[in-house]
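> Build the 3D model from these lines:
(3 chains)
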Amino acid sequence: MTDTPVETRKAARSQWWDVWDQFKSHKGAMLGAIFFVIILFGVLIGPLLWPYDATTIDIRSRNQGPSWGHPMGTDQLGRDTFARVMIGGRVSLAVGLTAMFIALVLGTFIGVLAGYFKRLDGILMRTTDLFLALPLLPLLLVVIMLFRETLSARFGPEGGIFILMVSAIGITSWMQTARIVRGDVLSLKEREFVLAARSIGTPNRRMITRHVLPNVLSPIMVSATLGIATAIITESSLSFLGLGFPPDFPTWGRLLRDGTDFLQQYPERAIWPGLMISLTVLGVNYMGDGLRDALDPRIRGR
Amino acid sequence: MTLRATLLGAAAMMAASPLFADGHEGERGRDGQLNIIYWQAPSTLNPYLSGGTKEVESASLVLESLGRFSNTGELLPWLAAEIPTVDNGGVAEDLTSITWKLKEGVKWSDGTDLTASDAVFTWKYCTDPNGGCAQASYFDGVESVEAVDDLTIKITFNAPKPFPYTALVGGESPILQEAQFKDCLGANAPTCTDANFGPIGTGPFKVTEFKANDVIQFEANDMFREEGKPAFSSVNFKGGGDAAAAARSVLETGEFDYAWNLQIDPTVLAEMESKGLGSVKTAFGTSVERLHINQSNPDPALGDERATLKHPHPFLTDKRIGQAMSMAIDRSLIVDIGYGAGGQVTCNVLPAPEVYASTANDSCKTQDIAGANALLDEAGIVDTNGDGVRELDGNELSVTYQTSTNAVRQDTQALIKQWWSEIGINAELRNIDASVFFGGDPASPDTFQKFFADVEMYTNNFAGVDPEAYMANWRCNEIPSPETQWQGSNMQRFCDPAYDALVDKLAQTAGIEARAAIVKEMNDMLMASYSIIPLVHRGGVSAHANTLGGVLISDWDSELWNIKDWYRVPE
Amino acid sequence: MLTYTIRRLILTIPTLLFISFVIFLIVKLSPSDPTSNLPLTIPPEVREKIRESLGVNKPLLFQYFLWLKQFFWLEPRIYLETAFGWDLGTAGEVRLISYQTRSPVMDLIWQRMPQTLWVVGTAYVVGILIAVPIGIYSAYKQYSIFDQAGTFVSMVGFSVPPFFSGVLVIVIFSVMIPNDSFWWLPSIYDTTHQVTDWESFKFQFRQMIMPVMVLALQITAQISRFARASMLDNLNQDYVRTARAKGVRERGVVMVHVLRNSMIPVVTVIALGIPGIFGGAIITEQVFKVNGLGQLLIIAIQGGDVPTVQTLTFIFAILIVLFNLIADVLYGLLDPRIRYD
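Here you go, the predicted structure:
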């Protein structure tokens, strides 16, 4: 975009204003965004304000129900569930968002390239097949064995495992997006407006950013929404199977998993983290809906 | 003690367990189907090919051995007519051979007779060098097994064996049928899938269908030697799922009659039990959850000499620190939170059988944080730089504490970390996937043998009732090191020539009293070194439906050892 | 299209060989060990013997080529022999043996295939049948109550992992409802059950309800989202306006023109999911004790059972490559403008 003159940059900015106006007028999207921001701030700032620490054990007050002191009760070691949900949210949101981001960028990039350039299609899609076939659990075991010591030395034991988990989940979850995007691009490439743009000599890069990407946005948005949920759940499933974050390290998935055992006695232990996952996913979903509508010029202003 | 009785040759155990003459007799198969759930599914029914508990226990319905251990640890004659002892002439005076007599008229489920040559064959099967037999240690020191006649088996040892009841005794070394397995020796073992999945046995049930890692169907064995047993006509032995689901299926939904190994939160288990459908039973054997305190230095900077005896640990070799670490732990709270009925506080690495259990260390049963602090202060191990962590000769008392990944273990880790922080010892927690931690892969840095940490926690035990081999685990030459490819069972690298001398002495001592005295001395020596800190004496926790009678679970043998006597309680 | 398909089919062979080698390296390098599940009472010397008898310590490439030979040369011949009664000289050759069960891996897989296909396959079909209409209708009536409710339910459904939803339905239908009630459902799947008559079919149906319900929830959520998004994209296209202007009935516009053009992402997702049916549903299978291929895979991974993990993952890889090829061919049928040649 270095060669674009000043007027178009102005025009572009006003276009983003349009998008923002449209986004604001989407009730669901605003509600989703507000929820998401509240959760985000809650997990980032909450632990600093809350008097209890997520790992402090207080045996005398274990297995308590909700009260003013412990609004979500305490667990079997007397740790405050509210503090754990907040700390757990940091990790879950970070894993979810980062893995989604990796998956999205990588998936869209590979999907567009494969769909648009016929020469790259074969090699990229065979690579996708390879990644789809990789067994995640043994892969994680190998990755943990190979890289844990070095990463722990550099980022601390928890930082190390965090990087491992995020990259493992990220690099094993972009393939679906890639295949979906490629499918759409293949069909898009033959549409009249793309043919028209090509006939006037639009360069490939402009073709992709101007004409192809905006039109494959909706499946990408769906992938993104589902991607966050998938990453959070994959993390919890890995903990369920004994990999991933250590059991004393709270994440939403882990808290939900541990709470499941107490479903009959202390249902709130499972409900709170479960609710947080669902709210986050719903929030992101509505934001995605709003963004998709806002970016569609045919709907905008309607 | 019952063990003494067996060794000294009491004749009282001749009769085959007339324990349940309580009016539940009747014809065989009268009580219909019995449903058992093991949340880890058996992968084969040949216990010689897989040493896992689930395989051994499921196979014990079919395969039997010469003697079995009861729920009290008493050795009962099973396929043998009586337990051979020195007194009744069954064991040679010089303790180098034992002669077993089989019961008369025992038949395999295919109708052929059980003979001494089947026992001889089983020995050959397990000791074949290419077979990879998982129970080979049961035949350690066995020079030969001979069939004197059809019903007499003579086992000769290459050295005096004060406790000769290992080979072909207990659920882990049952007798296989020679006719069925004769082509399956050595490297051919895996080609005999049909035999491994459906062994012919002498037990109360026979296999009708085996689905590996899923489900086994048994039906009553028509050829079983005891009339009117088993009471059940068939057994559905389901595997898979998790412990909580297994407990639920017995205690809450009533779909199953018996569930094994219910390691779940004690409050959840108690809540399930309160529904009144079933009851939870615990059997204590020799399992002890313990901490190993590394006596060698695991510092990565030492390279290849890391965690070897060439470099003693900078501070954990100081017994006072180990003692303080032990004193700071509230063992009864660990039991309450993680084990419930499935655990007891213990201060010994060898808590059972009773005759071997020392009482010299019982002071550890109560937590004493003040005492631990005083001990360290007195020793001059104090915090000099004000960071809340004590130092010894400039080394911060900061330890890495590793264990396998398991919810109860991580709770225990968190508790102990908190207590240690109260006495000025800092712990960094680490947990490793069980398949890696216990895997023994020499390429992995995370195995429990390599012990590249300061403290590690797990459970160990020994099978049967004789601790000789178990206590020999802490000899100097059992220390894992690069020279031994990190094999060995002396994890904490404890090395004391006086201890090794006791191991040798035990191997030559007969007589339960004399052996018990030596064993206690060894146990106390280990405890006094504070290189090993016992936490919990763990039992096997199982649940059975209230409509199921005759269950006597045992941790000394297969839990299902007396399944022939089980029956349906009339409602 | 035909030449494209043939070219792709030929290309799959080197692709699959390469994939199999990568999988083998990963499985082999991962540090779990076949003796790690054994009790600690088994001494290290014995463990070493066990490892040796399994062939764990043989050179890496030797093991890989042995696996290749067993999988591609020996096992197919054995199936031909049993199917047609021929003698292809396989007697005495060592089959592909699982470390854990010491029995042929392929037999285990065949044994588990039925329950996995039944449960996961049914869930998939049910999921698609519910999801596609929901997706179409939600898009057509965007932001209606139906659409909002559908979005809410499917997103919540998708964000609840099966280890929770599975236990929840068990607590409701197996524990809270007394087991003599009509509504009671079994919490443990009986894999030995044979369907022979109406009664046994009813039993099979009842025991499948809960696992299918839990699985279908996830599948429905996912597919309906993609169907909805893609329909929305197409409903505003020019050709829809043209069709309406030409007087095509509304039903025809939506069900013929829009639906067909919206199917590409849906087909992709469905095609990606079908290999997953064969891969089983690890957690759902574990919760309901279905013991299908997913459970086989996870046990094998935990037990360091290299041949089983390798074989299962590779079969999985074959299906992935195959179904992606099918999806590509379907693109061409759905949108004739897509040309690969």
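> Near chain B, which residues of the stretch 101-250 of chain C are found?
C:101-104, C:107-108, C:111-112, C:167, C:170, C:174-175, C:179, C:186-188, C:190-192 (Cβ under 8 Å from any Cβ of the partner chain). Bear in mind the C-beta positions are built from the backbone N, C-alpha and C, glycine included.
> are any of those residues buried, and which?
Among these, the ones that count as buried by 16 or more other Cβ atoms under 10 Å in any protein chain shown are C:101-104, C:107-108, C:111-112, C:167, C:170, C:174-175, C:186-188, C:190-191.
> Where helices are concerned, which of those count?
Within these, residues falling in helices by DSSP state H are C:107, C:108, C:111, C:112, C:167, C:170.
> check contacts around residue C:265.
Contact partners of residue C:265, counting by Cβ atoms under 8 Å, 6 or more residues apart in numbering or on different chains, are A:180, A:183, A:184, A:219, C:226, C:227, C:229, C:230.
> if you set the cut-off to 7 Å instead, what comes out?
A:180, A:183, A:184, A:219, C:226, C:230 (Cβ atoms under 7 Å, 6 or more residues apart in numbering or on different chains).
> Return the distance of the helix or strand where it lies from the chain's centre.
Assigned by DSSP states H and E, residue C:265 belongs to helix C:259-279. On the basis of Cα atoms, centre = their mean, to the nearest Å, helix C:259-279 sits 12 Å off its chain's mean C-alpha point.
> quick one on the thing from earlier: closest one to chain A out of the ones in helices among the buried ones among the residues of the stretch 101-250 of chain C next to chain B, please.
Comparing these against chain A with Cβ to the nearest Cβ places residue C:167 closest, at 5.0 Å.
> Can you tell me the closest non-neighbouring residue to the closest one?
residue A:260 (5.0 Å; Cβ to Cβ, 6 or more residues apart in numbering or on different chains).
> Identify the residue of chain C closest to chain B, quick one.
Taking Cβ to the nearest Cβ, chain B has its nearest neighbour within chain C at residue C:53, 2.7 Å off.
> right, and that residue touches residue B:131 too?
Yes: contact criterion Cβ atoms under 7 Å: residue C:53 and residue B:131 qualify, at 6.2 Å.
> Looking at the stretch 101-250 of chain B, which residue is nearest chain C?
Nearest to chain C in the stretch 101-250 of chain B, going by Cβ to the nearest Cβ, is residue B:132, at a distance of 2.7 Å.
> and residue B:368, how many residues sit next to it?
18 (other Cβ atoms under 10 Å in any protein chain shown).
> and the closest residue to it other than its chain neighbours, backbone torsions?
Spatial nearest neighbour of residue B:368, excluding adjacent residues (Cβ to Cβ, 6+ apart): residue B:327 at 4.7 Å. Main-chain dihedrals, residue B:327, degrees, to the nearest 10: phi -60, psi -30.
> Could you list which residues are in contact with residue B:327?
Residue B:327 touches B:368, B:371, B:372, counting by Cβ under 7 Å, 6+ apart.
> What of residue A:35?
Neighbours of residue A:35 in contact, by Cβ under 7 Å, 6+ apart: A:279, A:283.
> Please, which helix or strand holds it?
helix A:27-49.
> was I right about residue B:153 contacting residue B:114?
No: between residue B:153 and residue B:114 there is no contact under Cβ under 7 Å: 10.9 Å.
> Residue C:204: neighbour count?
Residues near residue C:204, counting by other Cβ under 10 Å: 15.
> Can you classify it as helix, strand or coil?
helix (DSSP: H, G, I helix; E, B strand; the rest coil).
> how about the nearest residue to it, chain neighbours excluded?
Using Cβ to Cβ, 6+ apart, the closest residue to residue C:204 is residue C:195 (5.1 Å).
> Next secondary structure after the helix or strand of chain B with the lowest mean pLDDT?
Averaged element by element with mean pLDDT, DSSP states H and E, chain B has its least confident helix or strand at helix B:2-8 (a mean of 43). Going down the chain from helix B:2-8, the next helix or strand is strand B:33-38, by DSSP H and E.
> So for the helix or strand just after that following strand, what gets flagged as buried?
Of the helices and strands lying after strand B:33-38 in sequence (DSSP H and E), the nearest is helix B:53-59. Judged by neighbour count (16+ other Cβ under 10 Å), helix B:53-59 contains these buried residues: B:53, B:54, B:55, B:56, B:57, B:58, B:59.
> Over to stretch A:179-197?
So, applying 16+ other Cβ under 10 Å, buried residues of stretch A:179-197: A:179-189, A:191, A:194, A:197.
> same check, this time on stretch C:88-104
Applying 16+ other Cβ under 10 Å to stretch C:88-104 flags C:90, C:95, C:96, C:97, C:98, C:99, C:100, C:101, C:102, C:103, C:104 as buried.
> Need the max-distance pair from those residues.
C:90 and C:100 (23.3 Å; Cβ to Cβ).
> Between residue B:153 and residue B:114, which is the more surrounded one?
The neighbour count for residue B:153 versus residue B:114, taken as other Cβ under 10 Å, is higher for residue B:153 (28 against 24).
> Quick check: that one is in a strand.
Yes: counting by three-state DSSP, residue B:153 falls inside a strand.
> mind checking which helix or strand residue C:232 is in?
Taking DSSP H and E as the definition, residue C:232 sits inside helix C:198-235.
> chain center to that helix: distance?
14 Å.
> Run the angle between the helix holding residue C:265 and helix C:198-235 for me.
With axes from the mean of the first three to the mean of the last three Cα atoms, to 10 degrees defining the directions, helix C:259-279 sits at 140 degrees from helix C:198-235.
> All good on my end, thank you.
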